[in-house]
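In: Test case, fold it:
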Amino acid sequence: MMPVTSTYRVQVRPDFDLDRTAELAPYLSALGVTHLYSAPLLAATPGSEHGYDVVDPTRTNPELGGRPGLERLAAALRRLRLGLVVDIVPDHLGVSRPEANPAWWSVLHDGRSSPYADWFDIDWARGKLTIPVLGSAEALDELTIAGDELHYSGHRYPIAPDTSGGSPRDVHDRQHYRLVDWRLGNSEVNYRRFVAVSDLAALRVEDEAVFHATHAEILSWVADGLVDGLRVDHPDGLRDPAQYLHRLRSAIGPRWLVVQKILAYAEALPADWPVDGTTGYDALRLVGGLFIDPDAKPSFPPREPLHQAVLAGKRAAATDLLATELTRLVRLEPGLVNARRAGAALAEIAAQLPVYRSYLARGGRPGSGRDLIRGALGHAWQRYPVEVDALTNALLDEDREIAIRFQQFTAAVMAKGVEDTAFYRWNRFIAVNEVGGAPDRFGVAPAEFHQSAATYQDTSMTTLSTHDTKRGEDVRARLAVLSELAPAWHDQAAVWSARYPLGDPDFESLLWQTAVGTWPIARERLHAYAEKAAREAATSTTWAEPNLVFEDRMHAVIDAMYDDDYLSETLTDFAAEITPAGWSNSLGQKLVQLTMPGVPDVYQGSELWDNWLVDPDTRRPVDFTERADLLSDLDAGMLPPVDATGAAKLLVTSRALRLRRDRPDLFTGYAPVRASGPNAQHVVAFDRGGAITVVTRLPVRLAMAGGWTADDRLDLHDGPWRDALTGASGARDIAKLFGRYPVALLVREAS
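Out: A predicted model of the protein is given here:
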């Protein structure tokens, strides 16, 4: 078992399978990482580009090369002293292609008598298994029979024994399932889903037999020495995350184990989870905020308080997107007098909860989860006093079914209501509208950063970009520059909005910030992103009922960015003006993330500049040949300028990762390093125990002040010091230290 010091995330998929991934081993070794960190590798929906829709947990994905491909990948990595970390998805299985999922097919075929019926969290009390797939209720007349299957518009469903005869609709009515209009998915589905995705059916891994059946293949990877660590997706969806994680820990032993737990600001990971940490969204907020000017907050007034946008998004998620889950909760308490108002009260309690999940008393500070629930109950009582009084004892009793399921419900409400709704609506400054972010907190002061970094769990992952981030790290770094140029930005955005109005000021703000943060961006990518963002916001258009008039107007504005000379030129000029400072921020946040306490992860391709947006944009192909060639040039002695090639970022990434890998003795502590002089506030520096990170923050304000002076000094103990990025000696004179790059990584030279 190889200790995990750093990871490199690869989106393994059918067009970039395990054998192609194995070809990356020499590059990853040269880059300096210790482990490849892979997307899920179990058999997924055929053609899946991400792997989170596992259909058969008993097999390594044959489209990726199957078990032999995984063994070849592990061997290729081991030859270069690299290890493997794999993402796993215990919460759900993909069911959009029933014929690809043996367990789901069996349940459709045999109903409650299926040996797999207990795998899925199905509410059989509500009748047949409900599948939202039809284009309309009348589409039942479009069913056809093919052998022992019912077919509809490319979808296949089994016909149970002794149920044939008559029309396809007659046959359908005799099955253990019923096909309904897809629009009814949020209200009539009777199986628990991943958040509000009807194509992902939740698993009952709390059942020990289900756990072992769905984890046998994963655990065989561990037993055979193919993987060194696991990343657990969405633990908050599980019935009992602590129980699951203890069972998993017992099965994998001391291997690295991290969870995709989204922590609210100042929230701690539950103390009874036997894990090594999170996947780093807490670090992302901390590091990214360091490069935002907190003094600019008054210059970015919101159109409404964040908590109002969050409440609106969560209420809508609870009552609309998750209506079927809400109905199930209400049915668990049959003594409630008014079911409709009880449902509204439960939705309000969930909306008022400030975290994804309370855990009641099972972890964290004793009583903290219970206190959070009490706080939410108190707020909800103001609107639904009778119903809240009737629900209070039940929701605070961790052994009651409604209390357990309510915790799963609140996680989904937060994910859909905040991440996927409010963060597309509340757009005063989108650099902070990120998974795990706190948009109402504008920037992170150096003192706050140092305090948090000093206590960051050294085995927890740190990251700047993931497959789930709303925008890539370099987009956020460039947008951070707007905090230093607030008046100029607001004036320019106002001109654009006046000339190209959409009638939705909040979305206009999102669109203009996205354009300057990514420019130049391919036209089709911006169109695709804007359509997704507008429908997620659900103010002027929605997924269920697209407003084509608004969307046509939106797409016309985007086309004008490329075709209208005035807009194209002013957009290009403004983006060009902020890009150099954005590059400075990018290098700074990258070096901080790679050298602070924690296990740094590099998302595929982000060692060069990236202007990625939300998925599926995050899964665009990466040119690894370009990166390998550039790295060879750097190793031959090239010191690149900070320019559009991104080679300077590759230099920072590779030198930091190599130093962590080769000199772990230099990364055993944490202490802030002081700077003095008129520009001291533009320096962030810390000593990890022999390796000293020094970065520039707020570069525009620094330039406005005249730049570094001879009086700007770094307070270092005895040297001499060498910059691992450039090889240059000397460190105290900041102007000299930052002569080539706005960052430095200092190591004491041998005397």
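In: Tally up the residues packed near I262, please.
Out: When neighbours are counted by other Cβ atoms under 10 Å, I262 registers 24. The C-beta positions use only the backbone N, C-alpha and C, and glycine is treated the same way.
In: Check G111 too.
Out: 17.
In: Spell out which residues sit in contact with the nearest residue to it once chain neighbours are set aside, please.
Out: Ranked by Cβ to Cβ, 6 or more residues apart in numbering and with sequence neighbours excluded, the top spatial neighbour of G111 is H176, at 3.2 Å. Neighbour list for H176: V107, L108, H109, D110, G111, R112, K128, L129, A160 [criterion: Cβ atoms under 8 Å, 6 or more residues apart in numbering].
In: Neighbour-wise, give me the winner out of those.
Out: V107 (28 neighbours).
In: Look at the closest residue to that one other than its chain neighbours and report its pLDDT.
Out: Take V107 and drop its neighbours on the chain: the residue closest to it by Cβ to Cβ, 6+ apart is S114, 4.6 Å away. Listed pLDDT for S114 reads 98.
In: Dihedrals phi and psi, S114?
Out: Here is the backbone geometry of S114 (degrees, to the nearest 10): phi -70, psi 140.
In: Show me what counts as buried in stretch 695-709.
Out: By neighbour count on 16 or more other Cβ atoms under 10 Å, the buried set for stretch 695-709 is V695, T696, R697, L698, P699, V700, R701, L702, W708.
In: The residue nearest to V107 - how many residues pack around it?
Out: S114: 18 surrounding residues under other Cβ under 10 Å.
In: pretty sure it contacts P102?
Out: No - S114 lies out of contact with P102 (Cβ atoms under 8 Å); the separation is 10.5 Å.
In: roughly how far apart are G605 and V622?
Out: According to Cβ to Cβ, to the nearest Å, G605 stands 4 Å off from V622.
In: Same drill for the two, tell me which one is more crowded.
Out: Using other Cβ under 10 Å as the criterion, G605 and V622 rank with G605 on top: 24 against 19.
In: Spit out the contact partners of the more buried one.
Out: Under the criterion of Cβ under 8 Å, 6+ apart, the neighbours of G605 are V622, D623, R627.
In: now do 6 Å
Out: V622 (Cβ atoms under 6 Å, 6 or more residues apart in numbering).
In: S106 too?
Out: Contacts of S106 were listed using Cβ under 6 Å, 6+ apart, and they are S114, Y116.
In: switch to 10 Å and redo it
Out: Taking Cβ atoms under 10 Å, 6 or more residues apart in numbering, we find S106 in contact with P98, S113, S114, P115, Y116, A117, W119, P158.
In: Sort out which of those residues are buried, if you could.
Out: Burial by neighbour count, 16+ other Cβ under 10 Å: within the contacts of S106 this picks out P98, S114, Y116, A117, W119, P158.
In: Could I get the residues you listed in TSV, plus columns for distance to L716 and secondary structure?
Out: As requested, the buried ones among the contacts of S106 are exported to TSV (distance: Cβ to Cβ, whole Å; DSSP: H, G, I helix; E, B strand; the rest coil):
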residue	distance to L716	secondary structure
P98	64	helix
S114	68	coil
Y116	63	coil
A117	66	helix
W119	60	helix
P158	71	strand
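In: Using TSV, lay out the residues you listed together with distance to V355.
Out: Converted to TSV, these look like this (distance: Cβ to Cβ, whole Å):
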residue	distance to V355
P98	35
S114	36
Y116	33
A117	33
W119	29
P158	41
